[in-house]
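Engineer: Quick one: sequence plus predicted model below, questions after.
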Amino acid sequence: MRRAAIGSVLTVMLLCTISFGAVAEDKSEKEIERYRAMISDPMSNPGFLAVDRGEVLWSEKRGSKNVSLEGCDLGLGAGKLEGAFAKLPRFFKDADKVMDLEQRLLWCMQNLQGLDTKDVIARRFSGPGRASDLEDLVAYIANKSNGMKIDVQLSHPKEMEMAAVGEELFFRRGGVMDFSCATCHGDEGKRIRLQGLPNLSKAGKQSQETMGSWPTYRVSQGALRTMQHRLWDCYRQQRWPVPEYASDSITALTVFLNKQALGGEINVPSIKR
Amino acid sequence: MKTILKTAALALVVAAGTALPLTASAQTANTAAIKHPDAAVVDAYLKSTFGKAPPEWQARIEPDETLKTCNHFRNDVPSAEADKIIKRELAKVVFPADGKLLGDWKEGKKVANNGRGGQFSDNEKTVSGGNCYACHQLELAEVSYGTLGPSLTSYGKDRKFDPEEAKQAYTKIYNSQAVVACSNMPRFGANKFLTEKQIKDIVALLFDPESPVNK
């Protein structure tokens, strides 16, 4: 019965596809668009629960020094959160390194709080019944840049190096399928199955909309995810080796992508499929 | 524009039914504008991110001669380089010993739908798939198809089930770059991702008159 029903649905679809291939495609894209609009309601976005948890973690005293993260300098001065995310990743003199938000938080946990970050890193990606301090903190801090424009810092030589290496990595092919980031994100209007792909090889609107909407609540994963997870999952699908969390190539790609997205408005956490 | 030229080049190659030494794209001046950072610097970044992966995994992102060229020109290779790539990659294509290129289209359909294999989340028991639908339209009944590659509906029928065309398709699947230098498509056989049998089954999916692709 069910099979027959599916059969007739497929037949109808088949007929539609034959006669109105382009129309059917437009229609399914419109449906996907409608679904996106439906789940974009901030009042029902579970990503804001992560923002609330992050707020608690930010002021919680932890580590051997029993201090909170409120003394952590994210680039605009100790404890200053408004607009900090919009200018990350950036060069930090005390660490002599370009860091994204996760790297900087780990640095502050280790150096300011005297916290052993082994457990925090083990929980870098949340799962059922396992919250991630880093995902929650990023959600909280990134949210404090809402309405601001992506303004990645590119003045220090190390920041410029990051952007250049990130660009090189974006186009570098490898793995058993010879894939690079650009294989999927190098052209306009392409899809994998039904999933639309932003063109991130060009500076402009698609890059801005992409980078301005991370961190995001992923409905399919039931979790708030940051760019660290997005790029980890891209490399998985690219058939590359597992990338080290909060490491230089990931930060370099983030710098490059934010460069492509310069001026894009931040509105996070967003909600995505 | 680049894409149009690439598609045109591909169409020409396919139409000719032989692996003509055509370039993936016409000559453009923009390749000269690509600035590459120092290779040692890039390697240091890669090491910091992928250096803890097992050695066999790290070897997979070590570009061979062909990928070095593709990376250098960001796939927009000059014709002399393209000729070298096509010659080199064509030499890697292994045709079935018995000369039979068409396997079982029903099995090919499974391979075309399977997107697993080769990911760090897979295990050694995972059966690799061609994941054709990720990028190509094949049978019309499957509405969930990607558009990174051209539509392949009615592929064999449109080519009058010509055996030379089937051979060309086998070559393309086995090693895409034996046909179009720096093609975005994986080199399924040459990279040992799919088996000879799986490739024959996909060729059957494209060329068997009974295959839903040709219905």
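Structural biologist: Yes, it's here.
Engineer: hang on, isn't B:S121 packed against A:R236?
Structural biologist: Yes: here B:S121 reaches A:R236: they are 5.7 Å apart, a contact under CB atoms under 8 Å. Any C-beta I mention is one placed from the backbone N, CA and C, and that applies to glycine too.
Engineer: Quick check: phi and psi at A:A223.
Structural biologist: phi -150, psi 150 (degrees, to the nearest 10).
Engineer: Need the per-residue pLDDT for it.
Structural biologist: Per-residue confidence (pLDDT) for A:A223: 97.
Engineer: does it have beta-bridge partners, and which?
Structural biologist: Beta-bridge pairing for A:A223 (DSSP bridges): A:R218.
Engineer: Check the spacing between it and A:P46 real quick.
Structural biologist: Per CB to CB, to the nearest Å, A:A223 is found 9 Å from A:P46.
Engineer: between those two, which one's more packed in?
Structural biologist: Set A:A223 next to A:P46 and count neighbours by other CB atoms under 10 Å in any protein chain shown: A:A223 wins out with 21 against 14.
Engineer: Sketch out the low-pLDDT regions of chain A for me.
Structural biologist: Confidence mapping of chain A against pLDDT under 70 gives the ranges A:1-26, A:28, A:42.
Engineer: what sits against the residue nearest the centre of it?
Structural biologist: Nearest to the mean C-alpha position of chain A, by CA atoms, centre = their mean, lies A:M227 at 2.5 Å. Residues in contact with A:M227 (CB atoms under 8 Å, 6 or more residues apart in numbering or on different chains) are A:100, A:211, A:214-215, A:250, A:254, A:257.
Engineer: if we go to 10 Å?
Structural biologist: A:M227 is in contact with A:89, A:100-102, A:138, A:142, A:210-211, A:214-216, A:250-251, A:253-254, A:257-258, counting by CB atoms under 10 Å, 6 or more residues apart in numbering or on different chains.
Engineer: coming back round to it: among B:S121 and A:R236, which residue is more densely surrounded?
Structural biologist: For B:S121 versus A:R236, neighbours defined as other CB under 10 Å are more numerous around A:R236 (17 against 10).
Engineer: got the contact list for that one?
Structural biologist: A:242-243, B:118-122.
Engineer: among the contacts of A:M227, which are in helices?
Structural biologist: The helices, defined by DSSP state H, take in A:101-102, A:138, A:142, A:210-211, A:250-251, A:253-254, A:257-258 from those.
Engineer: Neighbour count added to the residues you listed, as a markdown table?
Structural biologist: Shown next, in a markdown table, are the ones in helices among the contacts of A:M227 (neighbours: other CB atoms under 10 Å in any protein chain shown):
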| residue | neighbour count |
| --- | --- |
| A:L101 | 26 |
| A:E102 | 26 |
| A:V138 | 28 |
| A:A142 | 26 |
| A:T210 | 21 |
| A:M211 | 22 |
| A:I250 | 27 |
| A:T251 | 28 |
| A:L253 | 29 |
| A:T254 | 26 |
| A:L257 | 25 |
| A:N258 | 28 |
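Engineer: Buried ones in stretch B:39-46, by neighbour count?
Structural biologist: Within stretch B:39-46, the residues scored as buried using 16 or more other CB atoms under 10 Å in any protein chain shown are B:42, B:45-46.
Engineer: Over to stretch B:142-154?
Structural biologist: Applying 16+ other CB under 10 Å to stretch B:142-154 flags B:142-143, B:145-149, B:152-153 as buried.
Engineer: Okay, now it: how far is its last residue from its first?
Structural biologist: End-to-end distance for stretch B:142-154, by CA to CA, to the nearest Å: 13 Å.
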